[in-house]
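got a sequence here, can you build the structure:
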Amino acid sequence: MTTTTLAVLVPLLPFLGAAAGLLLGRSAPGFARPLAVLPTLASLVLAALVAARQGGGRALDAVTELTPTGSVPVELALHIDGFAALVAVLVGTVATCVQIYSTGYLRDDPRYASYAALVSLFTSAMFLVVYSGDLMVLLVGWEVMGICSYFLVGHYWETPEARAASLKAFLVTKLGDVPFLIGLLALATEAGSFRITKILGAVASGSLDHPTLIALLLLAGVAGKSAQFPLHTWLPDAMAGPTPVSALIHAATMVAAGVYFVARLLPLFEASRAAMVVLAVMAAVTMVGSALAALAQDDIKRVLAYSTIGQLGYMTGALATGDRGAAVFHLLSHGAFKALLFLAAGVIIHAVGTNSLAAMSRMRGLRDRVPDAYWTMTVALLALAAIPPFSGFFSKESVLGAAEHVVTGHSEHAPGAAGWTVLVAGLITALLTAAYATRLWLLAFRGRGAEAPDHGRQPLVMNAVLWVLALPSLALGGLAFRLLPDWFDGQDLTPTLTTSVLGTGVALVGGIVTYAAWRHTTALADRTPLGAVAAHPEGDAGLVEAEAIAAHRAAYGDLASAPDPSDPGRLLLGPVHRHAAAGFHLDAVYATLFLRPVQAGASLVRFLDREVVDTYVRAAGALPRLLGAAVRRAQTGNVQTYVSALLAGTVVLAVAAVLVAAGA
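Model prediction:
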């Protein structure tokens with residue numbers, strides 16, 4: 001079987017699995033799990049074979065014209081280079097793990113069949129984005145992912161949070177997709193083709209007339225899809241969906257698509273220095289802002305959501321320095337440990353029995369109850385914090401090293417301002433990332449909040465998937481920076497001494513300071529009445545003040561449900577905490593700038609339609625109605641009345657005729 005045939009089957013198999021799952025899921029529920037797992041697993045195997053055959057060598061290109069258009073042709077094209085081959089393996093790995101994990105996580109869900117089918121369709125769409133060599137075909141996968149995210153985020157549609165989150169995710173991403181589509185059409189018009197290879201050839205020859213405008217239009221879509229500032233606000237709210245969906249979206253599909261798209265067309269963005277600076281500023285604001293927000297969140301999934309936003313900021317930062325190898329390296333590394341983080345969080349949520357207890361301030365005694373999640377999440381958090389020798393260290397250092405090369409003049413792919421922006425923001429974010437990773441670990445596994453009810457041991461498949469994903473989080477980085485350059489156009493990914501020392505140093509400082517703050521707040525909480533209640537809910541009430549107990553009961557209902565008084569986030573952020581916890585009020589800003597004016601405009605249109613347009617319509621109907629009423633009154637049914645009227649009319653006509661004749 002040729003490599004082209006294998007590549008075609010990679011997105012086709014999960015698509016067929018999704019179609020079969022939707023058709024047979026209700027009538028034959030026993031087939032739902034095999035139809036979810038087997039096609040995705042087969043696609044993973046085929047993607048691995050394609051990667052092995054491609055081997056980081058010459059890109060595989062295959063094309064056939066889809067339909068004559070009379071102008072710019074739309075073609076079914078494959079373009080598989082080293083980047084595409086490895087990203088496809090990542091997508092297949094995470095999607096397979098999510099499908100296997102979901103068989104345990106959602107084993108009692110009555111809508112599992114439709115859920116699994118949508119996950120398969122989601123996976124197929126991402127494979128299409130990765131392998132496509134034609135931007136219009138890529139757009140199909142891009143939009144199908146948006147539809148799938150809408151349904152999957154809103155899986156628990158009974159809850160208002162899920163309904164609102166799914167709608168918000170759809171609308172915010174569509175807001176970016178409008179300029180994105182305009183940019184694609186403008187790019188194809190100037191390049192004369194939607195084919196990626198021809199577009200890159202046009203960029204190299206300098207035949208594009210408006211590269212800056214096109215690049216900025218495309219960046220709007222990238223910001224929406226990859227949750228970058230200012231279109232990132234949908235991603236934290238999307239945590240209302242099932243946790244495996246969060247793992248899929250954050251690790252290997254939707255949010256990765258924007259970064260991958262820029263990596264594919266990076267020469268286009270490099271043709272505009274202004275676009276590279278905009279990309280760098282967008283990445284810097286995203287990195288620092290999301291890290292601050294993560295440090296203030298209480299819900300464990302929202303912490304991870306803001307973490308994803310920040311790590312995607314690292315990837316776009318690497319692209320802003322002109323190093324797509326570093327960006328995709330971090331995309332691969334992040335995909336492994338972020339999927340692990342979300343699925344471990346799912347084990348915690350499954351253990352306590354409800355998503356509402358995902359608040360870290362309410363967690364207590366989880367280390368011994370979920371040992372698999374404890375150890376694997378510890379590995380993933382160390383990778384997230386970029387502590388050597390875990391995978392996140394090597395990939396994050398490749399990003400910082402790329403920025404250093406621009407700053408020192410060893411790279412001319414980006415302006416110096418972009419390099420400085422990414423480097424400074426990256427170091428600040430490394431400090432904050434280690435801080436919120438340490439805080440998450442302390443509150444989740446050494447927390448002193450309420451002890452949730454124990455719902456027993458989790459299904460074996462869930463814990464097994466955690467250990468599978470822990471392996472690349474441990475080993476991927478050390479091997480990858482030596483092996484990946486052959487796949488990434490020979491770009492050197494070896495960590496540099498300066499950024500390694502700086503990055504690791506600030507990460508250690510962030511972790512140590514957070515631990516010290518936690519110890520301080522714990523000791524302080526033990527000396528306060530409410531802290532004593534929370535730390536020792538079963539203790540002697542005589543040890544605390546009666547007023548404190550009454551206030552506690554009024555706030556929480558019982559002595560065993562107090563939030564953790566030892567959260568170091570408030571101490572570390574100080575007055576910024578309230579604003580960071582609310583995402584720096586961006587939703588309120590958007591409501592003021594966009595939502596309320598639109599609502600006011602809609603109210604005005606409704607008023608005009610009801611009070612003005614409808615008034616004319618009602619008046620137009622009222623006149624015939626009045627005339628009809630007058631005629632109806634004349635139709636009495638009395639023959640004598642009719643004869644009298646006829647005679648009166650005859651007399652009137654006769655008189656009128658005489659007068660006319662006399663006048664003549």
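
using PDB, list the CA coordinates for stretch 111-129.
Provided in PDB are the C-alpha atoms of stretch 111-129 (Å, rounded to 0.1, in the frame of the first residue of the first chain):
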ATOM      1  CA  ARG A 111     -25.400   9.800  25.400                       C
ATOM      2  CA  TYR A 112     -22.100   8.100  25.200                       C
ATOM      3  CA  ALA A 113     -22.600   6.900  21.600                       C
ATOM      4  CA  SER A 114     -23.200  10.400  20.200                       C
ATOM      5  CA  TYR A 115     -20.300  11.700  22.300                       C
ATOM      6  CA  ALA A 116     -17.900   9.100  21.000                       C
ATOM      7  CA  ALA A 117     -19.000   9.700  17.400                       C
ATOM      8  CA  LEU A 118     -18.400  13.400  17.800                       C
ATOM      9  CA  VAL A 119     -14.900  12.800  19.200                       C
ATOM     10  CA  SER A 120     -14.100  10.600  16.200                       C
ATOM     11  CA  LEU A 121     -15.400  13.300  13.900                       C
ATOM     12  CA  PHE A 122     -13.300  15.900  15.800                       C
ATOM     13  CA  THR A 123     -10.200  13.700  15.300                       C
ATOM     14  CA  SER A 124     -10.900  13.200  11.600                       C
ATOM     15  CA  ALA A 125     -11.200  17.000  11.100                       C
ATOM     16  CA  MET A 126      -7.900  17.600  12.800                       C
ATOM     17  CA  PHE A 127      -6.200  14.900  10.700                       C
ATOM     18  CA  LEU A 128      -7.600  16.700   7.600                       C
ATOM     19  CA  VAL A 129      -6.100  20.000   8.800                       C
END
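
and that stretch, which residues are buried?
Going by neighbour count (16 or more other CB atoms under 10 Å), the buried part of stretch 111-129 is 112-129. (Glycine included, C-beta is placed from N, CA and C.)

and it, how far from the chain's centre?
16 Å (CA atoms, centre = their mean, to the nearest Å).

test my guess that P267 contacts A204.
Yes: look at P267 against A204 with CB atoms under 8 Å: they come within range, at 6.7 Å.

how about the secondary structure of H79?
strand (DSSP: H, G, I helix; E, B strand; the rest coil).

nearest residue to it in space, please, no chain neighbours.
Once flanking residues are discounted, H79 sits nearest to G133: 3.1 Å by CB to CB, 6 or more residues apart in numbering.

residues touching that neighbour, list them.
By CB atoms under 8 Å, 6 or more residues apart in numbering, the contact set of G133 is 61-63, 75, 77-79, 195-197.

now the buried members of these.
Buried members of those, scored by 16+ other CB under 10 Å, are 62, 75, 77-79, 195-196.

pLDDT weak spots in the stretch 401-550 of the chain?
Scanning the stretch 401-550 of the chain for pLDDT under 70 picks out 448-457, 476-481, 490, 525-550.

residue ranges with poor pLDDT in the stretch 251-400 of the chain?
If you take pLDDT under 70 as the line, the stretch 251-400 of the chain has these spans: 353-358.

any idea which helix or strand comes after the longest helix along the chain?
Longest helix of the chain, by residue count under DSSP state H: helix 160-191. Sequence-wise, the next helix or strand downstream of helix 160-191 (DSSP states H and E) is helix 196-205.

pull that following helix out as CSV, backbone CA atoms only.
C-alpha atoms of helix 196-205 as CSV (Å, rounded to 0.1, in the frame of the first residue of the first chain):
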residue,chain,number,x,y,z
ILE,A,196,0.3,25.6,0.2
THR,A,197,3.4,24.8,-1.9
LYS,A,198,2.4,27.3,-4.6
ILE,A,199,1.6,30.0,-2.0
LEU,A,200,5.0,29.5,-0.4
GLY,A,201,6.5,29.7,-3.8
ALA,A,202,4.7,33.0,-4.4
VAL,A,203,6.0,34.3,-1.0
ALA,A,204,9.5,33.4,-1.9
SER,A,205,9.3,35.1,-5.2
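
how about it, which residues are buried there?
Buried-residue list, helix 196-205, by 16+ other CB under 10 Å: 196, 198-200, 202-203.

please compute how far that helix lies from its chain's middle.
Computed by CA atoms, centre = their mean, the chain-centroid distance of helix 196-205 equals 30 Å.

now do the helices in the stretch 351-500 of the chain.
366-369, 371-384, 391-407, 416-445, 460-483, 497-526 (DSSP state H, counting those that start in this stretch).

quick revisit: quick check: the farthest pair among the contacts of G133?
Pairwise distances among the contacts of G133 were taken by CB to CB; the largest, 12.8 Å, belongs to A62 and I196.

okay, and the common contacts of these two?
Each of 77, 133 lies in contact with both A62 and I196 under the rule CB under 8 Å, 6+ apart.

quick revisit: among the contacts of G133, which one sits closest to G317?
For the contacts of G133, the nearest to G317 is I196 (23.2 Å; CB to CB).

doesn't L135 make contact with the closest one?
Yes: proximity of I196 to L135 meets the contact threshold set by CB under 8 Å, at 6.6 Å.

so how far is L442 from G258?
Separation of G258 from L442 (CB to CB, to the nearest Å): 33 Å.

so these two - more neighbours on which side?
Neighbours per residue, other CB atoms under 10 Å: of G258 and L442, the larger number sits with G258, 28 against 21.

give me the pLDDT for S566.
Looking at S566, its pLDDT stands at 69.

can you check D614 too?
Value for D614, per-residue pLDDT: 84.

how close does it get to L608?
Look at D614 and L608: by CB to CB, they are 9 Å apart.

cool, G55 as well?
65 Å.

do the same with A52
Taking CB to CB, one finds A52 at 65 Å from L608.

could you do L382 as well?
According to CB to CB, L382 stands 61 Å off from L608.

those two - which one has more neighbours?
Legend: neighbour count by other CB under 10 Å for L382 and L608, higher for L382 (24 against 11).

check contacts around that one.
Here L382 is in contact with 390, 392, 437 (criterion: CB under 8 Å, 6+ apart).

residues contacting the closest residue to T159 other than its chain neighbours?
Leaving aside its chain neighbours, T159 sits nearest to A240 (6.8 Å; criterion: CB to CB, 6+ apart). Each residue near A240 by CB under 8 Å, 6+ apart is listed here: 153-154, 156, 159, 161-162, 164-166.

and A95, by the same measure?
Per CB under 8 Å, 6+ apart, neighbours of A95: 14, 40, 43-44, 119, 122-123, 126, 248, 252-253.

which SSE is it in?
With DSSP H and E as the test, A95 turns up in helix 82-105.

pLDDT averaged over that helix, what's the number?
Mean pLDDT, computed over helix 82-105, is 94.

before we move on, the earlier item: roughly how far apart are the residue nearest to T159 and L121?
Counting by CB to CB, the gap from A240 to L121 is 20 Å.

for stretch 26-33, buried residues please.
So, applying 16+ other CB under 10 Å, buried residues of stretch 26-33: 32-33.

put the alpha carbons of that stretch into PDB.
Extracted C-alpha coordinates of stretch 26-33, given in PDB (Å, rounded to 0.1, in the frame of the first residue of the first chain):
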ATOM      1  CA  ARG A  26     -28.800   4.000  19.700                       C
ATOM      2  CA  SER A  27     -30.000   0.900  17.900                       C
ATOM      3  CA  ALA A  28     -27.000  -1.200  18.800                       C
ATOM      4  CA  PRO A  29     -25.300   0.300  21.900                       C
ATOM      5  CA  GLY A  30     -22.900  -2.600  22.200                       C
ATOM      6  CA  PHE A  31     -21.100  -1.400  19.100                       C
ATOM      7  CA  ALA A  32     -20.500   2.100  20.400                       C
ATOM      8  CA  ARG A  33     -17.300   1.500  22.200                       C
END
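
right, and L331 touches V87 too?
Yes: the pair L331 / V87 is scored as a contact, 6.9 Å apart, by CB under 8 Å.

any residues in contact with both of these two?
Here L331 and V87 have 256, 260 as joint contacts, going by CB under 8 Å, 6+ apart.

measure the spatially closest residue to D61 that is not a sequence neighbour to A283 for me?
Distances taken as CB to CB, 6+ apart place H79 nearest to D61, at 5.6 Å, with adjacent residues excluded. Computed as CB to CB, the H79 to A283 distance reads 26 Å.

since that was my last question, I'll sign off now.
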